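Q: From the sequence below, what's the structure:
(2 chains)
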Amino acid sequence: MSDCWQEISALTMRWVRRLSREKFSMLFTLVQPMLFWLIFFGNLFKQAANAQVTQAPDYISFLTAGVVVMTVLNNGLAGGVDLLFDKENGFLERLMTTPIHRTSVILSRFIFVMTITSLQVLVILGVAFLFGVQPATGLLGIAAILMIGMLFGVGLTAISMAMAFSVKSHGDFFSVLGFLSLPMIFLSSALVPLAGMPAWMGFLARFNPMTWAIDAVRPLILSGWTEALPHVGMVVVVMVVFDALCLYGSAKVFRRAMG
Amino acid sequence: MMDRAVAIQVSGLTKTYDAHTAVSDLSFQVYAGEIFGLLGPNGAGKSTTLRTVITLLTPTSGTVSVLGHDTVREADAVRRLIGYVPQERAIDRFLTGREHLELLGALYHLSKAEAAKRIAELLKLVELEEAADRPAKTYSGGMKRKLDIACGLLPNPKILFLDEPTLGLDVQSRLRIWDYVRMLKARGMTIVMTTNYLDEADQLCDRLAIIDKGKIMTLGSPTELKIGLGGDIVSLTLKDQSKIPILVSALTKQPAMRAVKATPTGLDIRVETPEKALPAILESANRLDCQLEFIEYHRPRLDDVFIAYTGRSIKDDVLVQKEGV
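A: Residues are numbered from 1 along each chain as shown, chains lettered A, B, ... in the order given. From the prediction side, this is the model:
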């Protein structure tokens, strides 16, 4: 048990070190979602967005939930990138010849991605706060938002890692990533509520787990517990199923790739 | 030779990928305390063999045991006994040399104090003390290789595996790596290495296996292999390469020649005794009007062993690769 902990903490520390040495890239990953989506997009559509449709005091407060979940999406989908590089330069092979639990590598990655994502979500909520968005459910609500983010993130990170192990080249990996990310955002309630979408898009968005996450985070920010609780309950069920599917599928890939 | 302790026992090892057989029914032993080389062209199966022995691959059939532990059933026990220096520079460019070793220290479950002591020793051994706290992206190729080797030695392994240890290194660094390998052997370590370089195999290995198309073509000490080939080698370079086939067929029939082989620029002839063979060769060349540009006579080298068993020169292989790129 203490062996396992020693492995996982050493591996997690490595991810932290890597990130801290890539200061420029760190800054960029942290700032990008807020800058592009929350500040630019949010302010850009302030007039254009119809409050009748968004059911929110202004577009930024509507968009905050979407940006939070988008951040979870992007971090999760990119969660396997470092493993992809490790696979390509032989570092992974070196790790695999040491007497460690094969799952320690995977677990260290989950811990790292979840921590970074949570920090980022907090920063986004902080920036939104500066634009006058106050979460209606308070600190407990923020805790619930972080929990939803993690539930969604686990499944995404698992998919990303499985993909990192299965692709032939990292070009493939980034193509799939680019292909997945935007449609997932557009076909969700991140930018427009389901009711405001063309029927066929709204229909597809209902099958997107991201929609469920956003529809739970949004009332936590905008409305209050009575409105939010049923959605939160629902998203927990959806995410447990989503995570179970993702973990089941990727476990097979991990086992094949890591022996 | 018979009583030597066996460090690695490979029995009937076969590894197939879908329809492709990478290694087929391979059996050999590595003795404790020796430097054992796996020599062969790229894609011959030496990397697959190595990766199976170090538990990265599972055999399709056959077994491998390392110091008495089966590499599949007792993989963790094997992993605790071996060190591995991969072919790629398996270096995280953002970590310092020391951080690499500290990470591995934790993965081998060393205590902090024990790890620190061993790391200090290893950094001294590979002469990286000064660079130890710089990120690895500032290291030269030779320094990265040294760090690689220090990483392989960190678990204090009984057997060290080196995959193409000097690939792409400058001469100085190569010689330095050879020194380390010899020193480790002197300390009693068993070393298994793959290599593309014949001179490296000749210089370092106590015994080596030449592998081609997933099979062992021959196995023995470099000297044994060279003697086993029998006879000396006469190499001819012809002015007019279109004459090569005529000369080959003329010489093949003669009793003084043991084997005649065309090369891209001339002929390689294995002869019983040069005194008899040389006049005969010159006579035939004259008679057939084959002008000689160059004639060379030498004892068999490992190159000749390699050519005799794989049917091609290892250099041709490298050349083809380069052209392919």
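
Q: where along the stretch 151-259 of chain A do the helices fall?
A: A:170-186, A:199-205, A:209-222, A:225-258 (DSSP state H, counting those that start in this stretch).

Q: In the shortest one, which residues have enough neighbours to count as buried?
A: Taking 16 or more other Cβ atoms under 10 Å in any protein chain shown as the neighbour-count basis, helix A:199-205 is seen to contain the buried residues A:202, A:204-205. To be clear about C-beta, it is placed using only N, CA and C from the backbone, and glycine gets the same treatment.

Q: Using a markdown table, lay out those together with distance to A:V123 and pLDDT.
A: Output for those, formatted as a markdown table (distance: Cβ to Cβ, whole Å; pLDDT from 0 to 100):
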| residue | distance to A:V123 | pLDDT |
| --- | --- | --- |
| A:G202 | 31 | 93 |
| A:L204 | 31 | 94 |
| A:A205 | 27 | 94 |
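
Q: out of those, who's nearest chain B?
A: Using Cβ to the nearest Cβ, A:L204 is the member of the buried residues of helix A:199-205 that lies nearest chain B, at 36.9 Å.

Q: Tell me who's in contact with the closest residue to the closest one other than its chain neighbours.
A: Spatial nearest neighbour of A:L204, excluding adjacent residues (Cβ to Cβ, 6 or more residues apart in numbering or on different chains): A:L187 at 5.0 Å. A:L187 is in contact with A:201, A:204-205, A:208, counting by Cβ atoms under 8 Å, 6 or more residues apart in numbering or on different chains.

Q: which residues does the residue nearest to A:A228 when sequence neighbours are not counted contact?
A: Spatial nearest neighbour of A:A228, chain neighbours left out: A:P219 (3.9 Å); criterion: Cβ to Cβ, 6+ apart. By Cβ under 8 Å, 6+ apart, A:P219 lies in contact with A:136, A:227-228, A:231.

Q: Among those residues, which one has the most neighbours?
A: Tallying neighbours with other Cβ atoms under 10 Å in any protein chain shown puts A:A228 at the head of the contacts of A:P219, with 24 neighbours.

Q: quick one: it from B:P245, how far?
A: Applying Cβ to Cβ, to the nearest Å, the value for A:A228 to B:P245 is 87 Å.

Q: Please tell me I have it right and A:D215 contacts A:V232.
A: No: applying Cβ atoms under 8 Å as the test, A:D215 and A:V232 come out as separate, 9.8 Å apart.

Q: longest single helix anywhere in chain B?
A: Scanning chain B for the helix with the most residues, using DSSP state H, yields helix B:171-186.

Q: how does chain B divide up, domain by domain?
A: With domains defined by automatic domain parsing, chain B comprises B:6-221, B:231-299.

Q: quick one: secondary structure of B:S65?
A: At B:S65 the chain is in strand, as set by DSSP: H, G, I helix; E, B strand; the rest coil.

Q: That one: what's its closest spatial neighbour, skipping adjacent residues?
A: Leaving aside its sequence neighbours, B:S65 sits nearest to B:Q9 (Cβ to Cβ, 6+ apart; 4.8 Å).

Q: List phi and psi for the one you found.
A: Backbone geometry at B:Q9, expressed as degrees, to the nearest 10, gives phi -120, psi 110.

Q: give me the number of residues near it?
A: 17.

Q: so where's the stretch 151-259 of chain A uncertain?
A: Applying pLDDT under 70 to the stretch 151-259 of chain A picks out residues A:259.

Q: Show me what the host helix or strand of A:F62 is packed against.
A: For A:F62, the host element (DSSP states H and E) is helix A:59-77. Counting contacts by 3 or more Cβ pairs under 8 Å, 6 or more residues apart in numbering or on different chains; DSSP states H and E, helix A:59-77 is packed against helix A:42-44, helix A:102-130, helix A:138-166, helix A:170-186, helix A:209-222.

Q: Mean neighbour count, those: which tops it?
A: helix A:209-222 (a mean of 25; mean count of other Cβ atoms under 10 Å in any protein chain shown).

Q: which non-adjacent residue is nearest the residue of the stretch 101-250 of chain B found nearest chain A?
A: Nearest residue of the stretch 101-250 of chain B to chain A, counting by Cβ to the nearest Cβ: B:A106, 3.4 Å away. Nearest non-adjacent residue to B:A106, counting by Cβ to Cβ, 6+ apart: A:A10, 3.4 Å away.

Q: Just give the nearest non-adjacent residue to the closest residue to chain B within the stretch 101-250 of chain A, would you?
A: When scored by Cβ to the nearest Cβ, the stretch 101-250 of chain A has A:S104 as its residue closest to chain B, at 8.3 Å. Excluding the flanking residues, the one nearest A:S104 by Cβ to Cβ, 6+ apart is A:E7, at 4.1 Å.

Q: got it, and B:L162?
A: B:M193 (4.0 Å).

Q: Tell me how many other residues surround the one you found.
A: Per other Cβ under 10 Å, the neighbour tally for B:M193 reads 25.

Q: Next, it: secondary structure please.
A: Secondary structure state of B:M193, per three-state DSSP, is strand.

Q: Name the residues that touch stretch A:119-128?
A: A:30, A:33-34, A:38-39, A:60-61, A:64, A:67-68, A:71-72, A:75, A:133, A:135, A:142, A:145-146, A:149, A:221.

Q: Can you show me the CA trace of it as PDB?
A: Below are the C-alpha coordinates for stretch A:119-128, written out as PDB (Å, rounded to 0.1, in the frame of the first residue of the first chain):
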ATOM      1  CA  LEU A 119      -8.100  24.800 -10.200                       C
ATOM      2  CA  GLN A 120      -9.000  26.100 -13.600                       C
ATOM      3  CA  VAL A 121     -12.700  25.900 -12.800                       C
ATOM      4  CA  LEU A 122     -12.100  27.900  -9.700                       C
ATOM      5  CA  VAL A 123     -10.300  30.600 -11.700                       C
ATOM      6  CA  ILE A 124     -13.100  30.700 -14.200                       C
ATOM      7  CA  LEU A 125     -15.700  31.200 -11.500                       C
ATOM      8  CA  GLY A 126     -13.400  33.900 -10.000                       C
ATOM      9  CA  VAL A 127     -13.300  35.700 -13.400                       C
ATOM     10  CA  ALA A 128     -17.000  35.400 -13.800                       C
END
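
Q: now that stretch: mean pLDDT?
A: Mean per-residue pLDDT for stretch A:119-128: 92.

Q: And stretch B:206-213, by the same measure?
A: Mean per-residue pLDDT for stretch B:206-213: 94.

Q: For chain B, what lies in contact range of chain A?
A: B:54-58, B:75-76, B:79-80, B:82, B:84, B:86-92, B:94-95, B:99, B:102-104, B:106-109, B:135, B:151, B:155 (Cβ under 8 Å from any Cβ of the partner chain).

Q: that older thread, flag every buried residue along the longest helix of chain B.
A: B:173-174, B:176-177, B:180-181, B:184-185.
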